[in-house]
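S.K.: Please work out how this folds:
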Amino acid sequence: MGQPFRSGSKKISVDQQKRRSRVTIASALAMSFGPLICIAILAVLGVSLITGLTNTRDLLLEKVTAEMSAVRSNLTNLLDPVELQVRYLSDLIYSGQINIYEEKSFDEALLAGLAGSRKIKGLIFVYPDFKVKIADRSKRKVTNFNKANDPVANATMNEMSHDRVGSWAKLIYTPETRETVLSFRQPIVKEGVFIGVLIAAIPVSSVNDIVKTDGLALDEDRFILYGRDHVLTQKNLSYDTAMLVTEGTVPRLDEIADPILSSIWTAPRTPFRLFGDKLDFEGHFTNLNGERYQFFYATLEGYTDRPLIIGYRVKYEEATREIRRLAYAGMVGLAILIIGIIISVVIGRKISQPIRALSHASRKISDLDFRNVKTLPSSRLKELDEASEAYNTMLRGLSWFENYVPKSLVRKLMETGDAHSESRSVTVMFTDIVSFTPLAERMSSEEVADMLNHHFELVTRCIEDEGGTVDKFIGDAVMAFWGAPENQTDHAARACRAAKAIREAIMADNKIRREKDLDPIRMRIGIHSGTLVVGNIGSSGRINYTVVGDTVNISQRIEQLGKTLCNDDGQEVTILLSETTMNQSNDCLALESVGSHPMKGRNQSIVLYKAS
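M.R.: Residues are numbered from 1 along each chain as shown. Below you'll find the predicted structure:
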């Protein structure tokens, strides 16, 4: 027992000695270029002043562009999902999936609708008779009111009953909650009859995160104005809510405690002269109490009855002092870089060899070709050696990881660059082994695993050859779909061709099994096409790219109907598909109708077809 321990200790000691002998890139470059860097720094100080002004302007524009884009993007990302959720619920009402006159189910639908956007404070439905349902996120319940005498409700109903176009309304201050809210209103008109208005309310306080102080210096500020004269939100905005009434939902500029923002339009100002028309924002200088400030702003339409003005402010002296330092440092670094490139040619060739090997191997990884990627050798340079070791560890992990994530799905998502949840027309397939349990009971655990792995290999190959995506393995069953993430207009035909290929593969495999005196495999396949939600579904800790919707349930139930409809048809692989899939299959299969059959959870029966 002692000898292995001494041997292992000796090996660790040798490895440690090797690592100590490696030199860092910083040390190698410092020892080689130190004297030259000193000369370069002295030379660059003489010329950096000339170029500093140009870099000052460019860096300022980059800073402003980043600040403005961040606020604009955060605001639209906050409000757009609210509008989409209201339109989605409205579509469900139009289609009859939500019945506004069935009180219990409608209450449940409104509460469920709050999950569509975590910033929605409440979902409100107003009937033409001014009966109001309010689904409150904080209370987690639906409350009923009658607003026949409410002037705001009357004005809203009058406007919506005539306009009938979904829109963002003007801000409303609610004394009950002491909050100002933004609201999106969608009139519901069914068969030409106005039946109510669906409203989503989001508090203005939710917008505060958009202009939070993270990353801002003391003399910087982000703000959003409601029109030109009111403040929607601002860094550290505070005001007395008692001064707000229904007609004054957010404070005026002259009511806030910030004298600088209050004077954005009234103080003496000078437009920027150095900014061209290519920018998508405006700006001006303002002098206030001997201090000079820069304001930048852009207008965003469509989210309230007034335009929203997104803005960023910075103190001129502070901004230019910091930016000038960056400009000087940048020019010094550029000159050093040029001199370093000239001198580093010889040393760089040696250093670049492992980098080129890492680049070549990384390109193979980007092609998901893990099995043909070789590990990288060690390097005398510490950073490169650590990078090679980390890369080799990553390669081993990816080689295992690809066994659990479909490579075809990863490749498609890399090509499309799109994985958000959306409604798509897709075709879903379910497969199942007939009488699997009795078959497995006659086999050992290893034999069952081998049989399933071989069976899944056959089925998966046929699915992926037709561009399908294997969603999951459920026991001895396989769930797959076509039409996402890649748009496939012929998704139904692809699924039918895959089913035909599966049948041929299973029949060929059964021939081999009979020659080995093994029981043949019998299968059922159910296929259905329809619209469902596809994309990333799950929690922040675990997400699956999958499909969700009634189409999935119908496909599985069609497969299960094969137990009774085709139990004695003598076919080794029974293929059942819905009439919807049949109409889109381009006659890929010879089919015969097996009649109309009810489906659990659906009011209407579905006409099914069997592949002969």
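
S.K.: Arg524 looks like it's in a helix, true?
M.R.: No - in this structure, Arg524 is strand, not part of a helix, as judged by DSSP: H, G, I helix; E, B strand; the rest coil.

S.K.: if I read this right, it contacts Thr564, doesn't it?
M.R.: No - using CB atoms under 8 Å as the test, Arg524 is too far from Thr564 to be in contact (10.9 Å). No exception for glycine: its C-beta is placed from N, CA and C like everyone else's.

S.K.: neighbour count winner among the two?
M.R.: Counted by other CB atoms under 10 Å, Arg524 and Thr564 do not tie: Arg524 has more neighbours, with 24 against 9.

S.K.: Identify the residues contacting the closest residue to the more buried one other than its chain neighbours.
M.R.: Residue nearest to Arg524 in three dimensions, not counting chain neighbours: Gly562, with 3.8 Å by CB to CB, 6 or more residues apart in numbering. By CB atoms under 8 Å, 6 or more residues apart in numbering, the contact set of Gly562 is Arg524, Ile525, Gly526, Thr574, Leu576.

S.K.: Need the max-distance pair from the residues you listed.
M.R.: Gly526 and Thr574 (9.2 Å; CB to CB).

S.K.: which one among the contacts of Gly562 gets closest to Met394?
M.R.: Nearest to Met394 among the contacts of Gly562 is Ile525, at 38.7 Å by CB to CB.

S.K.: For the stretch 201-350 of the chain, which residues score under the pLDDT cut-off?
M.R.: Applying pLDDT under 70 to the stretch 201-350 of the chain picks out residues 209-217, 235-248, 273-278, 318-350.

S.K.: Show me the strands in it, by range?
M.R.: Assigned by DSSP state E, counting those that start in this stretch, the strands in the stretch 201-350 of the chain fall at 220-226, 230-234, 269-271, 282-288, 291-300, 308-315.

S.K.: Tell me which of those approaches Asn392 most closely.
M.R.: strand 220-226 (44.8 Å).

S.K.: same for the closest one, what does it pack against?
M.R.: Here strand 220-226 touches helix 25-95, strand 230-234, helix 259-262, strand 308-315, going by 3 or more CB pairs under 8 Å, 6 or more residues apart in numbering; DSSP states H and E.

S.K.: So for Met582, what pLDDT did the model give?
M.R.: In this prediction, Met582 carries a pLDDT score of 92.

S.K.: What is the helix or strand hosting it packed up against?
M.R.: Under the criterion DSSP states H and E, the helix or strand holding Met582 is helix 579-583. Packing contacts for helix 579-583, counted by 3+ CB pairs under 8 Å, 6+ apart, involve helix 491-515, strand 523-538, strand 606-611.

S.K.: so what's Glu389 up against?
M.R.: Glu389 neighbours (CB under 8 Å, 6+ apart): Ser378.

S.K.: Below-threshold pLDDT in the stretch 401-550 of the chain: ranges please.
M.R.: For the stretch 401-550 of the chain, applying pLDDT under 70 flags the ranges 401-420, 539-542.

S.K.: could you redo the last one with a cut-off of 90?
M.R.: 401-424, 434-445, 447, 464, 467, 469-476, 483-488, 517-519, 533-550 (pLDDT under 90).

S.K.: what about the strands in it?
M.R.: Taking DSSP E, counting those that start in this stretch as the criterion, the stretch 401-550 of the chain carries its strands at 422-433, 469-474, 477-482, 523-538, 543-548.

S.K.: so what does the second one touch, helix or strand wise?
M.R.: The one in question is strand 469-474. Applying 3+ CB pairs under 8 Å, 6+ apart, one finds that strand 469-474 contacts helix 407-416, helix 445-465, strand 477-482, strand 543-548.

S.K.: With mean neighbour count and distance to Asp221 as extra columns, can I get the ones you listed in JSON lines?
M.R.: Below are the helices and strands packed on strand 469-474 laid out as JSON lines (neighbours: other CB atoms under 10 Å; distance: least, CB to CB, whole Å):
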{"stretch": "helix 407-416", "mean neighbour count": "14", "distance to Asp221": "40"}
{"stretch": "helix 445-465", "mean neighbour count": "15", "distance to Asp221": "54"}
{"stretch": "strand 477-482", "mean neighbour count": "23", "distance to Asp221": "49"}
{"stretch": "strand 543-548", "mean neighbour count": "17", "distance to Asp221": "37"}
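
S.K.: before we move on, the earlier item: so which strand or helix has the residue nearest to Arg524?
M.R.: helix 550-565.

S.K.: Which of the helices and strands packed on helix 579-583 sits closest to Pro187?
M.R.: Ranking these by proximity to Pro187 (CB to CB) places strand 523-538 first, at 24.1 Å.

S.K.: and the closest one with strand 606-611, angle?
M.R.: Interaxial angle of strand 523-538 relative to strand 606-611 (axes from the mean of the first three to the mean of the last three CA atoms, to 10 degrees): 120 degrees.

S.K.: Numbering from 4 from now on, please.
M.R.: Okay, residue one is now 4; in that scheme the one you just asked about reads as strand 526-541.

S.K.: Mind listing what's buried along strand 526-541?
M.R.: Buried positions in strand 526-541, judged by neighbour count with 16 or more other CB atoms under 10 Å: Met526, Arg527, Ile528, Gly529, Ile530, His531, Ser532, Gly533, Leu535, Val536, Val537, Gly538.

S.K.: dump the residue contacts of the third one.
M.R.: Contact partners of Ile528, counting by CB under 8 Å, 6+ apart, are Met432, Phe433, Thr434, Ala502, Ile505, Arg506, Glu562, Gly565, Val576, Thr577, Ile578, Leu579.

S.K.: again, only this time at 7 Å
M.R.: Contacts for Ile528 (CB atoms under 7 Å, 6 or more residues apart in numbering) come out as Met432, Thr434, Ala502, Ile505, Glu562, Val576, Thr577, Ile578, Leu579.

S.K.: Make sure the first one is actually in contact with Ala498.
M.R.: Yes - contact between Met432 and Ala498 holds when scored by CB atoms under 7 Å: they sit 5.4 Å apart.

S.K.: any common contacting residues for those two?
M.R.: Shared contacts of Met432 and Ala498, defined by CB under 7 Å, 6+ apart, comprise Ile530.

S.K.: okay, now Gln609: neighbour count?
M.R.: No Gln there; residue 609 is Ile. For Ile609, the neighbour count with other CB under 10 Å is 18.

S.K.: whoops, Tyr612 was the one
M.R.: 22.

S.K.: Was I right to think it contacts Ala593?
M.R.: No - the pair Tyr612 / Ala593 is not scored as a contact, 10.0 Å apart, by CB under 7 Å.

S.K.: How many residues are close by Trp493?
M.R.: Small correction: residue 493 is Asp, not Trp. Look at Asp493: counted by other CB under 10 Å, it has 18 neighbours.

S.K.: contacting residues around it?
M.R.: Shown in contact with Asp493 (CB under 7 Å, 6+ apart): Asn589.

S.K.: Before I go, just wanted to say thanks for your time.
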